[in-house]
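Asker: Sharing a sequence plus its predicted fold:
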Amino acid sequence: MRCVAAYLLAVLGGNEKPTADDLKKIMSSVGVSVDDEALNSVISQLAEKTLAEVIAEGQEKLASVPSGGAVVNTGNAAATTSDDKAEEAAPEPEEEEESDDDMDGFSLFD
């Protein structure tokens, strides 16, 4: 991930085809250790592509990933029902409105 982030920073900074040395320079400037194997893998996978192509491919892949909406039934329906009844039985105390009596007849808008 660090190598990909450095690659993106280099491309966004104007370097269309960053080299391994460019990415090492970016990563070392922020104190991040460089894994040469991962760095070379990122460079080789992205060498023939533009950033727009990489993003488009990623969006296509993400579109096929399920994202939420699934409900898991844990079997605790009876427990939640009894909790709901207890909450309904205990009425909440009503908050009293503040009065202007403590102002001794003075108002901010008079």
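Answerer: That came through fine. This structure is a prediction, so every number in the text was calculated from the model and none was measured. Numbering: from 1, shown residues only.
Asker: Relative to residue 12, how far out is residue 27?
Answerer: 15 Å (Cβ to Cβ, to the nearest Å). The C-beta positions use only the backbone N, C-alpha and C, and glycine is treated the same way.
Asker: For the chain, which element, helix or strand, carries the lowest mean pLDDT?
Answerer: helix 77-89 (a mean of 58; mean pLDDT, DSSP states H and E).
Asker: which residues touch the host helix or strand of residue 45?
Answerer: Per DSSP states H and E: residue 45 is located in helix 36-46. Helix 36-46 is contacted from outside by 2, 3, 4, 7, 18, 19, 20, 23, 24, 54, using Cβ atoms under 8 Å, 6 or more residues apart in numbering.
Asker: TSV for the residues you listed, including secondary structure, distance to residue 38 and pLDDT?
Answerer: Formatted as TSV, these follow (DSSP: H, G, I helix; E, B strand; the rest coil; distance: Cβ to Cβ, whole Å; pLDDT from 0 to 100):
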residue	secondary structure	distance to residue 38	pLDDT
2	helix	8	89
3	helix	5	89
4	helix	9	89
7	helix	11	89
18	coil	15	90
19	coil	15	90
20	helix	11	91
23	helix	10	91
24	helix	12	92
54	helix	16	86
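Asker: Cheers, nothing more for now.
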